[in-house]
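compute the structure for the input listed below.
(chains A and B)
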Amino acid sequence: MLTITLGEELAVANAPALMDELASYKEQGVEKVVFDATNLQYLSSSGVRAILYCKKYLSTSSNIVFVNCNKDVLDVFDLVGIRAYITFEYSSSAT
Amino acid sequence: MELVNHAFLLWGLTIDAWITIVTVTTIIAVMLFSKVRTDTLMLIAIGVLFATGVLDAKEMCAGFSAGTVVVTGILGVVMAGLRYTGVLQWMLKHVFGLPDRYPTALLRMMVPVAMLSAFVSNTMLTVLFGNMMKRWARKLRISPSKLYLPMVYAVQMGGVCTIIGTSTNIVVADLYESATGKTMNMFSIFIPGALCLLVGVVFIIAVRRWLPVRQAPEQAFEAATDYTVELLVPSDNPNICKTLGEAGLFHVKGGNLIAIRHFDHDPSYLSDDEFLMGGDRLVYAGQIDEILELKETHHLVASDHHIRSMNEINKNYELRIAFVNFYSKLIGKTIGGSTIERDNNLILVAVARRGKRIEAAPREVELQAGDTLLFECPRNTKTYVEHLESMLQFSDFQEVIKIGSKTIVSSLIMTAMMILTAMNVVTLLHGTVLAALAMLLFRCCTINQAMDSVSWRALMSLAGSIVLGSAIAKTGIAQKIAFGIISLVGTHPIMIMLGVCLAAMLITQLVENVAVTAMFFPIMYQAAMQVGYEPMPFLLALMIAANASYSTPIAASPNMLIYGPGGYRFTDYMRIGIPLTIIVTITGVAAVILAYPLVKL
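Next up, the predicted model:
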């Protein structure tokens, strides 16, 4: 399992770096990728690209988990049509 | 070292001479068979000759400080003044006009272009008039290919009329000054040059039907460029999460994907690896009816204003046409296999070859010289146009220049320079420096425009050619070849002149004429000296012969520049260029003999 803690935004400024980081785990048998989105306020198409990259190359069995996603980010997932491919979890500490 | 050099003689030539021969033949072979730039080759050759001790430091630098090279550089500033005050545009409007008949159009175009070319760099003039020719051809309702070739022939024939009109003349004048200490007048070559021009223009008009009618490359894109189709990806599209390639939306029947825009303003990459997301807007160019079938086959929906004119696709973008240069690194490669699009924020829309659009996926087309590429590009494109000029030649760049009082000022400056230098009131160097200063003083161009107008590459080639010419003379090669020619054609001066001119004329069809001049100057000079004649008329004949590079697109830069825009084939140049080369050379040599009787020393 790979756990990644996201900052306040996942956009063009930091998404390519995340993709590079994810690429280093390619073909290493990662079964589940957990994104801690507790602080995530903004998700752009560049961020979505990084998540799709993760789904395609790291965790093909749909084991992508977002923890503590806020409503704005969920709306983005709805718009781009990938909500169904992601599991959402909420920890007790989430506000 | 000196002892060894003189002691070791092979076929009467020293080691230095053999090093020079190997260097010169190597750079000529590389010019013929590779895409390396002429200025680079010249610098390498000079470096080799210096490193091997053939040239000393002073000789190596001589070409760079040569007066005529400096004059050529400064003339770039004068030309910037003419260009940015609209003198050329004024000419197009008022001198070219809109003649009813094609022969009249040829005459009205070739004469002023040739006159201007006597004082302006051939390459610069071809670039400036190239775009104008396209618009003029449209107004005259004829194919641009009927105008481009006569234009470059006029440019080249006009360039021969003065010492500063073409690089080859500049090289000859400079080497002549070095060898004799005498300077050539700016109009030394005028009489034979003007006669060649007259005969050449009459010949081209007489055989105008030989000029090919080729479809303008832009016409191949008319169907593709009129409209684009924008389709929206709904959030429940089954292809979401797939790449564009996997979804079959990158290469589609009847068109090409030219842009993808995601739901926000983050950059998207036009690549078959890009992921498809709900809310994406896919912009296609091509056959509207076939592209609209994607709505059914790929579950796309029409956006609110989905069929639009290409011009309104994006205010920040525009369509530009580029041609693959003759020596482009892209030849034999595909755009998809290069990073050119991503590096320069360009999007390839379509590819055409010889006026016909290629139906295959544009990014997978193996490119050839002269291919026409349609790009969607950011506006204000000067930066990448310059950056890519070694690979692609962009057209459609229109300068909007106001014609006004400065047009008259710059024309007066140019006229004054011509008169003062022709009458030997001031030297050529003084005249050009004063004219350049006046252009800047009267704000006919800005400092940046002036600097951008100086062709540093051409200056490097010129300087390098002068140094190579010196090396050929210094090492005794020229003398040896001159003896060879004399033993072959006899000691009659006219036969010698014709023999060297014939050799120069043949080689200049395949190799850049500046290099040919550098090689043949010392041979012609030595041959004239050996039979005891004043070399000046021989060298004027050489100028005519070395400039007669009309038969192939690779013979001179202007020929290459119109190859793509004219939609020409290699043989198009030969059909009219071979007879023109022969006629012009014979006329030129005859005129030289008549105008400058051969004098015994």
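
in space, what's closest to the residue positioned nearest the centre of chain B - neighbours in sequence excluded?
In chain B, the residue lying closest to the centroid (CA atoms, centre = their mean) is B:S557, at 3.4 Å. Excluding the flanking residues, the one nearest B:S557 by CB to CB, 6 or more residues apart in numbering or on different chains is B:T123, at 4.6 Å. To be clear about C-beta, it is placed using only N, CA and C from the backbone, and glycine gets the same treatment.

which other helices and strands does the helix or strand containing the one you found contact?
If you go by DSSP states H and E, B:T123 is part of helix B:122-140. Using 3 or more CB pairs under 8 Å, 6 or more residues apart in numbering or on different chains; DSSP states H and E as the contact test, the elements touching helix B:122-140 are helix B:67-84, helix B:87-90, helix B:102-117, helix B:145-159, helix B:557-563.

same thing but 6 Å
helix B:145-159, helix B:557-563 (3 or more CB pairs under 6 Å, 6 or more residues apart in numbering or on different chains; DSSP states H and E).

just these: most buried one?
helix B:145-159 (a mean of 27; mean count of other CB atoms under 10 Å in any protein chain shown).

after that one, next one along is what?
Helix B:145-159 is succeeded, C-terminally, by helix B:167-180 (DSSP H and E).

relative to helix B:102-117, how tilted is the next helix or strand after that following helix?
Next helix or strand after helix B:167-180 toward the C-terminus (DSSP H and E): helix B:190-206. Calculated by axes from the mean of the first three to the mean of the last three CA atoms, to 10 degrees, helix B:190-206 forms an angle of 160 degrees with helix B:102-117.

tell me what helix B:190-206 is packed against?
helix B:102-117, helix B:145-159, helix B:570-595.

hmm, the longest helix seen in chain A touching chain B?
Secondary structure of chain A per DSSP state H: the longest helix is helix A:45-57. Yes. Residues of helix A:45-57 are located near chain B by CB under 6 Å from any CB of the partner chain, namely A:45-46, A:48-49, A:52.

show residues contacting the helix holding B:T123.
Residues outside helix B:122-140 that contact it (CB atoms under 6 Å, 6 or more residues apart in numbering or on different chains): B:79, B:88, B:92, B:98, B:105, B:117, B:144, B:147-148, B:151-152, B:155, B:159, B:166, B:557-558, B:561.

equivalent analysis for stretch B:570-586, please.
Contacts for stretch B:570-586 (CB under 6 Å, 6+ apart): B:196, B:200, B:203, B:210, B:212, B:505, B:545, B:548, B:550-553.

pull out the buried positions in it.
B:572-577, B:580-581, B:583-586 (16 or more other CB atoms under 10 Å in any protein chain shown).

can you put those residues in CSV and add distance to B:V252?
Shown next, in CSV, are these (distance: CB to CB, whole Å):
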residue, distance to B:V252
B:D572, 36
B:Y573, 39
B:M574, 41
B:R575, 41
B:I576, 43
B:G577, 43
B:L580, 48
B:T581, 49
B:I583, 53
B:V584, 52
B:T585, 55
B:I586, 58
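
okay, the helices and strands packed on helix B:122-140 in a markdown table with distance to B:L441 next?
Below are the helices and strands packed on helix B:122-140 laid out as a markdown table (distance: least, CB to CB, whole Å):
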| stretch | distance to B:L441 |
| --- | --- |
| helix B:145-159 | 28 |
| helix B:557-563 | 31 |
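
least confident of those, on average?
Among the helices and strands packed on helix B:122-140, helix B:557-563 carries the lowest mean pLDDT, a mean of 82.

which strands and helices sit next to it?
Of the remaining helices and strands, those touching helix B:557-563 by 3+ CB pairs under 6 Å, 6+ apart are helix B:122-140, helix B:145-159.

all the strands of chain A, residue numbers only.
A:2-5, A:9-10, A:33-36, A:42-43, A:64-67, A:87-89 (DSSP state E).

contact residues of chain B facing chain A?
B:235, B:240-241, B:262-264, B:266, B:275, B:277-279.

quick one: which of those residues is most hemmed in?
B:F275 (27 neighbours; other CB atoms under 10 Å in any protein chain shown).

what's the first-to-last distance across stretch B:554-574?
12 Å (CA to CA, to the nearest Å).

before we move on, the earlier item: what distance separates the longest helix of chain A from the centre of its chain?
8 Å (CA atoms, centre = their mean, to the nearest Å).
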